[in-house]
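Trainee: Quick one, structure for this:
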Amino acid sequence: MNTGLLYPDAVDLLKRLIATPSFSREEEKTASILEQFLQERGIPHSRSLNNVWCTNKYFDPAKPTILLNSHHDTVKPNPQYTKDPFTPLEEDGKLFGLGSNDAGGCLVSLVAAFCYFYDRPDMAYNLVLAATAEEEISGINGIESLLPSLPPIEVAMVGEPTQTNLAIAEKGLLVLDCTASGKAGHAAREEGVNAIYKAMQDIEWISTYRFPRVSETLGPVKMSVTSISTENKAHNMVPASCTFLVDVRVTDAYTHEEVLQTIRQHVQSDVKPRSMRLRSSSISKEHPLVQAGIKLGKSMYGSPTTSDAALLNVPVLKCGPGDSARSHTADEFIYLAEIREGIDTYIRILEEVIGNK
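Mentor: Numbering: from 1, shown residues only. So this is what the prediction gives:
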């Protein structure tokens, strides 16, 4: 593989992806672009729904496997865009366009690294490349639907914008629908039991409670009440029920089940989780992938944001070019130098690991 072609090919691929709308659940065309890119390079691949994946040429079932994963879906463009979100524009060393930073730069850098190692016969690990859909909505037809089709995975590298630093842990997400129940009555008389007041008591507990176990990399579990409402439209009616929504960012110090049990033990409201899928993920500081990144001078941290790492029940290193602070912003961009650095970082980390037989 000619490494000199990796960077221009990656940038060209990213421009094609930017120019093709790929909102979550609408990624058919970008999946086809990725298939065409692999086909042009003689790399056999498979497609499941809008997920595209392939293995290295000399895949050996007896060897452990590293998954290289990033996503090709995007959110819808921020209404404050001043540039066309679907026109890839190079300007002042930046490449503008929707999905350029999150996570197009990561995806094309991982694709380039995979191509670099694709036909190498002497690797200690297999590589599986998966360009997946529905990451932005944590959809069921993304990486989660693809996992049964993939060979057993020992460890994963998930491409998300981390400035090529090492996110060795990631918070999980637990969204809770809570309902406080009271009794309807006339507001002018001493009637009923006001469900809002009961909800307020629970919200007060949620806002002040601190889970005792604190993660070394992710800090404390964080709970935030993000909405509250009643069905009552009458000013003179004591509401019989009040619902509120809680966003819980779960660390690797607790399971979802433990957090849910604690909350239910302390509140009066009925608490129902919307999903238990998005789990906290982590990887040991001593893992060879992490140690390879440290040798390159990369820093380690715990990520507060959720990615497809939450759906991979294996150790996960989240790493990639770009800056998470730019994700979902108007006039999204990635520096072209960041893509070059991303390709180089992925190759050098993997070289340190898969070259050690």
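
Trainee: Could you measure from residue 235 over to residue 100?
Mentor: Residue 235 is 50 Å from residue 100, where distance means C-beta to C-beta, to the nearest Å. Bear in mind the C-beta positions are built from the backbone N, C-alpha and C, glycine included.

Trainee: Give me the more crowded residue out of those two.
Mentor: Between residue 235 and residue 100, counted using other C-beta atoms under 10 Å, the more crowded position is residue 100 (30 against 6).

Trainee: from what I can see that one touches residue 332, true?
Mentor: Yes. Using C-beta atoms under 8 Å, residue 100 makes contact with residue 332 at a distance of 5.5 Å.

Trainee: What strands flank the helix or strand containing residue 130, and is each parallel or antiparallel?
Mentor: Using DSSP states H and E, the element containing residue 130 is strand 126-132. Sheet pairing for strand 126-132, assigned by DSSP bridges, gives strand 51-55 (antiparallel), strand 65-71 (parallel).

Trainee: Turn the ones you listed into a markdown table, columns for distance to residue 206 and mean neighbour count.
Mentor: A markdown table is the format used below for the strands paired with strand 126-132 (distance: least, C-beta to C-beta, whole Å; neighbours: other C-beta atoms under 10 Å):
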| stretch | distance to residue 206 | mean neighbour count |
| --- | --- | --- |
| strand 51-55 | 37 | 23 |
| strand 65-71 | 32 | 26 |
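
Trainee: what would those strands look like in a markdown table with mean pLDDT?
Mentor: Converted to a markdown table, the strands paired with strand 126-132 look like this (pLDDT from 0 to 100):
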| stretch | mean pLDDT |
| --- | --- |
| strand 51-55 | 98 |
| strand 65-71 | 98 |
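
Trainee: So which of those strands is nearest residue 266?
Mentor: The closest of those to residue 266 is strand 65-71. By C-beta to C-beta, the value is 36.7 Å.

Trainee: Tell me which helix or strand comes right after that closest one.
Mentor: Next element after strand 65-71 (DSSP H and E): strand 89-91.

Trainee: which ones are touching residue 115?
Mentor: With contact set as C-beta atoms under 8 Å, 6 or more residues apart in numbering, residue 115 has these partners: 1, 6, 9, 41, 43.

Trainee: Got phi/psi on it?
Mentor: For residue 115, the backbone dihedrals are phi -60, psi -40 (criterion: degrees, to the nearest 10).

Trainee: same deal with the one 3 residues further on?
Mentor: When quoted as degrees, to the nearest 10, the phi and psi of residue 118 stand at phi -50, psi -50.

Trainee: how many other residues sit next to it?
Mentor: 19.

Trainee: thinking again about what came up before, any chance of the contacts of residue 115 in TSV, plus pLDDT, secondary structure and neighbour count?
Mentor: Converted to TSV, these look like this (pLDDT from 0 to 100; DSSP: H, G, I helix; E, B strand; the rest coil; neighbours: other C-beta atoms under 10 Å):
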residue	pLDDT	secondary structure	neighbour count
1	45	coil	13
6	94	helix	22
9	97	helix	19
41	96	coil	15
43	98	coil	19
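
Trainee: farthest-separated two in those residues?
Mentor: Taking C-beta to C-beta, no two of those sit farther apart than 6 and 43, at 13.8 Å.

Trainee: Would you confirm that residue 130 contacts residue 69?
Mentor: Yes. Assessed by C-beta under 8 Å, residue 130 is found in contact with residue 69 at 4.6 Å.

Trainee: and for the two, which residues touch both?
Mentor: Shared contacts of residue 130 and residue 69, counting by C-beta under 8 Å, 6+ apart, come down to residue 143.

Trainee: ok, now how distant is the closest residue to residue 35 other than its chain neighbours from residue 129?
Mentor: Excluding its sequence neighbours, the residue lying closest to residue 35 (C-beta to C-beta, 6 or more residues apart in numbering) is residue 52, at 5.7 Å. Using C-beta to C-beta, residue 52 is found at 8 Å from residue 129.

Trainee: the inter-axis angle of the helix or strand hosting residue 110 versus strand 126-132?
Mentor: Per DSSP H and E, residue 110 falls inside helix 105-117. Counting by axes from the mean of the first three to the mean of the last three C-alpha atoms, to 10 degrees, helix 105-117 lies at 150 degrees to strand 126-132.

Trainee: Give me the distance between helix 105-117 and the centre of its chain.
Mentor: Remark: helix 105-117 is offset 18 Å from the chain centroid, using C-alpha atoms, centre = their mean, to the nearest Å.

Trainee: Which positions in stretch 238-251 come out as buried?
Mentor: 238, 239, 240, 241, 242, 243, 244, 246, 248, 249, 250, 251 (16 or more other C-beta atoms under 10 Å).

Trainee: quick one, what contacts the residue nearest the centre of the chain?
Mentor: Centroid-nearest residue in the chain: residue 307, 1.2 Å away (criterion: C-alpha atoms, centre = their mean). The contact partners of residue 307, by C-beta under 8 Å, 6+ apart, come to 135, 158, 160, 170, 318.

Trainee: among those residues, which are in strands?
Mentor: Of the positions in the contacts of residue 307, 158, 170, 318 sit in strands, assigned by DSSP state E.

Trainee: pLDDT at the closest residue to the second one other than its chain neighbours, what is it?
Mentor: Taking C-beta to C-beta, 6+ apart, and ignoring the residues beside it in sequence, residue 170 has residue 303 as its nearest neighbour in space, at 4.5 Å. Residue 303 carries a pLDDT value of 93.

Trainee: Ok, residue 3 next?
Mentor: pLDDT, read off for residue 3, is 56.

Trainee: In this structure residue 38 contacts residue 47, no?
Mentor: No. Counting by C-beta under 8 Å, residue 38 stays clear of residue 47, with 10.1 Å between them.
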